[in-house]
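>>> structural data only, the sequence is not supplied:
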């Protein structure tokens with residue numbers, strides 16, 4: 001995946017869902033869209049985990 005930030009990745013996921021729901025993509029295009037969507041979901045999930053860990057660490061320093 002090219003360098004993206006969370007917001008861009010999430011927006012692309014929304015586009016992919018719209019494409020799948022709004023059109024009747026051929027099997028090859030559908031496969032590519034699903035693969036791209038899964039990679040973006042993995043990226044977003046990792047970013048959320050990292051952010052959560054960073055916040056817990058930062059808040060832990062306040063104690």
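Now that the structure is in, tell me what you want to look at. No experiment lies behind these values; they were computed from the predicted model shown. Residues are numbered from 1 along each chain as shown.
>>> what about this protein, any weak spots by pLDDT?
When residues are selected by pLDDT under 70, those of the chain lie in 1-3.
>>> in it, which spans are helices?
Counting by DSSP state H, one finds helices in the chain at the ranges 6-22, 27-60.
>>> tabulate those helices (a markdown table), appending mean neighbour count.
Placement of C-beta: from N, CA and C, glycine included. A markdown table is the format used below for the helices of the chain (neighbours: other CB atoms under 10 Å):
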| stretch | mean neighbour count |
| --- | --- |
| helix 6-22 | 13 |
| helix 27-60 | 12 |
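>>> my read: residue 36 touches residue 17, true?
No - applying CB atoms under 8 Å, one finds residue 36 not in contact with residue 17, separated by 11.4 Å.
>>> identify the contacts common to these two.
Among the neighbours of residue 36, none is also in contact with residue 17 (CB atoms under 8 Å, 6 or more residues apart in numbering).
>>> chain neighbours aside, what residue packs nearest to residue 30?
On the basis of CB to CB, 6 or more residues apart in numbering, the spatially nearest residue to residue 30 that is not a chain neighbour turns out to be residue 20, at 6.9 Å.
>>> and that neighbour, how far from residue 36?
Between residue 20 and residue 36 the computed distance is 11 Å (CB to CB, to the nearest Å).
>>> for residue 6, same thing?
Relative to residue 36, and taking CB to CB, residue 6 is found at 16 Å.
>>> mind checking how far stretch 56-63 is from the chain centre?
Between the mean C-alpha location of stretch 56-63 and the chain-wide mean there is a distance of 27 Å, by CA atoms, centre = their mean, to the nearest Å.
>>> cool, and stretch 8-26?
Relative to its chain's centre, stretch 8-26 lies at 12 Å (CA atoms, centre = their mean).
>>> so what touches that stretch?
The set of residues that contact stretch 8-26 without belonging to it, under CB under 8 Å, 6+ apart, is 1, 4, 30, 33-34, 36-37, 40-41, 43-44, 47.
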